[in-house]
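Novice: let's see this in three dimensions:
(3 chains)
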Amino acid sequence: MNDQAANDSVGSIRAGDLIGRPAYGRGGNRLGTIADLIVDGDIRTGLRVTGVVVARRPWGRLLGYEREQATGPWLLQALARVVMHRRVRTIRWDELDHAG
Amino acid sequence: MKRLLGVTLGILTAIGGFVDIGDIVANSEIGARFGTALFWVLPVGVIGICVYAEMCGRVAAHAGRPVFDLVRERLGPRVGLANLSGSYLVTLMTLAAEIGGVALAVQLLSGIDYVLWVPAVAVALWLGLWRLRFETLERLFGLTGLALVVLLVALIAGDTPWSQLAGQALDPVPTEGEDWNSYWYFAIALFASAMTPYEVFFFSSGGVEEHWTRKDLLLARANAFIGFPLGGLLAFGFMGTAAVFFYPNGISVSTLGQAVLPAGLVLGKIGLACAILGVFAATFGAAVETGLSSGYTVAQYFGWGWGKYVPPRRAARFHTVVLLSILASVALLLTMIDPIQLTEYTLILSAVVLPLTYLPILVVANDRDYLGDRVNGKLANFFGMVYLVVIVVAAVAAIPLMIVTGGGQ
Amino acid sequence: MRVFLGFDLLDRQILDSEGLPVGNVDDIELAVGEDGVLSVTALLVGAQVWGTRLGGRLGDTIAGMAARMQRRTPAGPIRIPIDQVRETGAAVTLAISRDLLVEPELETWLREHVIVRIPGASADPEADKS
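Specialist: This is a model prediction of the structure:
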């Protein structure tokens, strides 16, 4: 069944709206900028956002070195760590303040 | 025989990178001004493009994905768009130059001004891209372009002072009347042209057009490791003959006619005819390469259907971009801009776009989601990193050098 | 399974069940649950979505133009429900053929008004392979 109707009604947002926005913890403290959204589950039970990757700076791409499958020229990895990964961490979804 | 023909993709790609109209005149000009003092740039460029083309070929064969998919995916939509704009502009300007180059080759044969040939060349190009199969285009222009080997033949058959040439090649310093600024300007220009982005766009898209699969890894490698060294050799034909004939007499080279002259001087009319035929095929091949690449880049960034492996009606946006690019090129040429001057501006612009193109390739070549066990080994990563650094250095130095030397004057 | 939306899905090429290109993942639609939990509902494709995500004056202009020029109904971007995704990897592969999806209007318009008018537009290059 292929529903092509756009669903812009209240109750749906886009990933592009979240990525790049600042992230705040429950205590109101600013954690950084949302760099990516982590999703767990499967097609049947639903793919739910369970966490975010937060970076200190609003960089668009992290080149993927935070994942396990990426190996790589160690120099690039080291550079990526230095330049972009300063305080990149994974925050659980329920640790975030959802007003932001 | 079929196996041998399987490397024509590499040969055609290399022709566009080493002996397109800009390179032909640039290599001659460099030979005339510097002798063989800049010879080292050719093998350095060949190795660089071999390393990265092999990575792209591996990704095309193993994962079925062409380069521009990787660019948007790894750099993101904004930086990816910046790359697209730069790469497309470079490809378009080069396309215009190549169409002009074909017209110049015809002018050499006919005596009729090249501008009058431009519309005919553009129509022939578009017809070829519309109707001929990808494989046919590869073989026709890749193999006929090899006629440029006549310049190497002239070098070998003539009275070439090999020890002098070798001596100068091993003493890579500016020659009389030149300084380090112009030396490095031309070194960067030559290096940038050996590694222009549209080569990897075309090579990887071509691999997908040829339906390379995981079993074709060896074929992809053969294309890279045979095609590009051949291209470098052909380029040396121009550099070497200019070093022998023009350098000792302090004659500077700026036209296509001068670049092919040595073939006529050594081998007579047949040599000259061969050279002009080679130039015609090589520039037409480069026009095919840049014409298709103008469509590949835009279509792959936006995720549209693309390629010659489907009927045109199934890739309407792709074919429209190709058509519009050819029309824009003709318009550009009709402003009477010198095609050879055009390539000089393009070279430096492409040096600046290079890092954004090659970084995603190196990153993806290490990604197991893409390549499984076929990710880069230590050797590929070593060379990949070294060349990435060289590319960044070249990109940073390109524009200041262009300003300081006034475009190599 | 665990998926990084930005890395594994966004800006990836979408292929249909036969490996033919469908588009790029220009954005992803998330449904907001009552408990504040977001779940992925669809992939979004098209110039409107891409323009909005790009942001800035350029992006907004393009998104606006694409929305104004759209003639199919219901209005809105091309939406691929997430349950049509078969696998993610180098590209995002769907379980269905692209014939079942809405074709981008630009492709349709160009095919009907430009490409088809030129002889040879339907020629299948693979047909006469020796």
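Novice: check which element follows the worst-scoring helix or strand of chain A on mean pLDDT along the chain.
Specialist: When the helices and strands of chain A are scored by mean pLDDT, DSSP states H and E, helix A:74-84 comes last with a mean of 64. Following helix A:74-84 in sequence order, the next helix or strand is strand A:89-92 (DSSP states H and E).
Novice: ok, that next one: who's next to it in the sheet?
Specialist: strand A:46-55 (antiparallel) (DSSP bridges).
Novice: tell me who's in contact with B:Val71.
Specialist: B:Gly80, B:Asn83, B:Leu84, B:Tyr301, B:Leu356, B:Thr357, B:Pro360 (Cβ atoms under 8 Å, 6 or more residues apart in numbering or on different chains). Just so you know, the C-beta spots here come from the backbone N, C-alpha and C atoms, and that holds for glycine as well.
Novice: now do B:Gln300
Specialist: Contacts of B:Gln300 (Cβ under 8 Å, 6+ apart): B:Pro66, B:Val67, B:Phe68, B:Asp69, B:Arg72, B:Ser205, B:Trp306, C:Gln13.
Novice: my guess is the second one meets B:Ser205, correct?
Specialist: Put plainly, it is B:Val67. Yes: B:Val67 lies in contact with B:Ser205 (Cβ atoms under 8 Å); the separation is 7.4 Å.
Novice: okay, those two: which has more neighbours?
Specialist: More neighbours surround B:Val67 than the other of B:Val67 and B:Ser205, with 33 against 29 (other Cβ atoms under 10 Å in any protein chain shown).
Novice: so which of the contacts of B:Val71 belong to helices?
Specialist: B:Gly80, B:Asn83, B:Leu84, B:Tyr301, B:Leu356, B:Thr357, B:Pro360 (DSSP state H).
Novice: what is the mean pLDDT for stretch B:106-120?
Specialist: Per-residue pLDDT over stretch B:106-120 has a mean of 93.
Novice: buried sites along that stretch?
Specialist: B:Val106, B:Gln107, B:Leu108, B:Tyr114, B:Trp117, B:Val118 (16 or more other Cβ atoms under 10 Å in any protein chain shown).
Novice: what's the answer for stretch A:24-35, then?
Specialist: A:Tyr24, A:Leu31, A:Gly32, A:Thr33, A:Ile34, A:Ala35.
Novice: also stretch A:14-23?
Specialist: Within stretch A:14-23, judged by 16+ other Cβ under 10 Å, the buried ones are A:Arg14, A:Ala15, A:Gly16, A:Leu18, A:Ile19, A:Ala23.
Novice: looking at the residues you listed, which is nearest C:Arg79?
Specialist: Checking the buried residues of stretch A:14-23 against C:Arg79 with Cβ to Cβ, the nearest one is A:Arg14 at 11.2 Å.
Novice: which residues in chain C form helices?
Specialist: C:47-54, C:56-69, C:105-110.
Novice: figure out which of these is closest to B:Ala97.
Specialist: Once those are compared by Cβ to Cβ, helix C:105-110 is nearest, at 27.3 Å.
Novice: please see if that closest one touches chain B.
Specialist: Yes: contact of helix C:105-110 with chain B (Cβ under 8 Å from any Cβ of the partner chain) involves C:Leu106, C:Glu107, C:Thr108, C:Leu110.
Novice: in chain B, what residue comes closest to chain C?
Specialist: For chain B and chain C, the shortest gap (Cβ to the nearest Cβ) falls at B:Gly303, measuring 3.0 Å.
Novice: run the chain-centre distance for the helix or strand hosting B:Leu152.
Specialist: Per DSSP H and E, B:Leu152 falls inside helix B:149-157. Relative to its parent chain, helix B:149-157 has a centroid offset of 21 Å by Cα atoms, centre = their mean, to the nearest Å.
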